[in-house]
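**Q** heads up, no residue letters with this:
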């Protein structure tokens, strides 16, 4: 069993940056992939990108390529989402998830990111 807690969300102006954290409980975290998703109001949850335990990164959403990056610190059981050049359309609840491979089984509660124009 793994529990995830996201933090670092908030209000930022367009063009600004935020770094989200995903803190995990459970020793299995270092063996799992971690992914970040977001869900905008009225839209379905969208997979953004993920990182394997080895550090291999999977980009899934073209909208974040070149702007968002993912990293992890297995010693701290924490993953990060660095978001740069934020746009109003990035406004959403951001979730992290983890599981074997890129099959996500455990989810955090989400953190709100609001980008003002």
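**A** That came through, no problem. If you're wondering where the values come from, they're calculated on a predicted model, not measured in any experiment.
**Q** residues near residue 53, how many?
**A** For residue 53, the neighbour count with other CB atoms under 10 Å is 16. Every residue, glycine included, has its C-beta placed from N, CA and C.
**Q** Distance-wise, check it relative to residue 31.
**A** 6 Å (CB to CB, to the nearest Å).
**Q** Residue 99 and residue 105 touch, don't they?
**A** Yes. Using CB atoms under 8 Å, residue 99 and residue 105 qualify as a contacting pair, with a distance of 3.8 Å.
**Q** Between those two, tell me which one has more neighbours.
**A** Using other CB under 10 Å, the more surrounded residue of residue 99 and residue 105 is residue 99, with 17 against 11.
**Q** pLDDT score assigned to the more buried one?
**A** Reading off the confidence values, residue 99 has pLDDT 92.
**Q** Quick test: name the residue nearest the centre of this protein.
**A** Geometric centre of the chain, nearest residue: residue 36, 2.9 Å, by CA atoms, centre = their mean.
**Q** The lowest-mean-pLDDT helix or strand in the chain packs against which elements?
**A** Lowest by mean pLDDT, DSSP states H and E among the helices and strands of the chain is strand 57-59, with a mean of 84. For strand 57-59, the packing partners by 3 or more CB pairs under 8 Å, 6 or more residues apart in numbering; DSSP states H and E come out as strand 46-51.
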